[in-house]
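> Give me a model of this one.
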Amino acid sequence: MSNEPSISRSHPAQRLFGALLMAVGGLIAGLCGLCTGTIGLVALFESLLSALNGTGNLILAAMIVFITGVLPTAIGVVLFLTGRKLWNPAAPPLFKRRARPQG
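Residues are numbered from 1 along each chain as shown. Got it, this is the predicted structure:
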């Protein structure tokens, strides 16, 4: 036996679609995350300074950053994780649910 991770023998079209979803989801998450991290933080900082002067609206700026940056990043992560599951159904889950204590 080798120490390589086991790749299931799923349908080749399913593996191709999973790989495409991983590529697209990774690009969406990476690019939106970088853009939100740079431009969004600068916009929030500028609106925070404006709000402290009494001329800006910090909540509106935070909502715009959330809608234009955080939501697409989350969608990209979901696409990547879905593609990973399609590409290799036998892969262990990234997040394990903890058993709730009885009582």
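> Tell me the spacing between the residue nearest to the spatial centre of the chain and residue 35.
The centroid of the chain falls nearest to residue 77 when counting by C-alpha atoms, centre = their mean (2.7 Å). Distance, residue 77 to residue 35, using C-beta to C-beta, to the nearest Å: 15 Å. Every residue, glycine included, has its C-beta placed from N, CA and C.
> Repeat that for residue 96.
31 Å.
> looking at the chain, which helix or strand is least sure?
helix 58-65 (a mean of 79; mean pLDDT, DSSP states H and E).
> before we move on, the earlier item: more crowded one of residue 96 and residue 35?
Neighbours per residue (other C-beta atoms under 10 Å) separate residue 96 from residue 35, with residue 35 holding more: 14 against 7.
> Need the nearest residue in space to the more buried one, chain neighbours excluded.
Once flanking residues are discounted, residue 35 sits nearest to residue 69: 6.4 Å by C-beta to C-beta, 6 or more residues apart in numbering.
> For the one you found, which residues are in contact?
Taking C-beta atoms under 8 Å, 6 or more residues apart in numbering, we find residue 69 in contact with 32, 33, 35, 36, 40.
> before we move on, back to that, so for the residue nearest to the centre of the chain, what's the nearest residue that isn't a sequence neighbour?
residue 29 (5.0 Å).
> Also residue 51?
residue 58 (4.2 Å).
> before we move on, the earlier item: please list only the buried members of the contacts of residue 69.
The neighbour count (16 or more other C-beta atoms under 10 Å) marks 32, 33, 36, 40 as buried among the contacts of residue 69.
> Which of those fall in helices?
In helices, defined here by DSSP state H, the members of these are 32, 33.
> Adding pLDDT and distance to residue 47 as columns, could you present the buried ones among the contacts of residue 69 in a markdown table?
Formatted as a markdown table, the buried ones among the contacts of residue 69 follow (pLDDT from 0 to 100; distance: C-beta to C-beta, whole Å):
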| residue | pLDDT | distance to residue 47 |
| --- | --- | --- |
| 32 | 85 | 20 |
| 33 | 83 | 20 |
| 36 | 81 | 15 |
| 40 | 80 | 11 |
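> That concludes my questions; thank you for your assistance.
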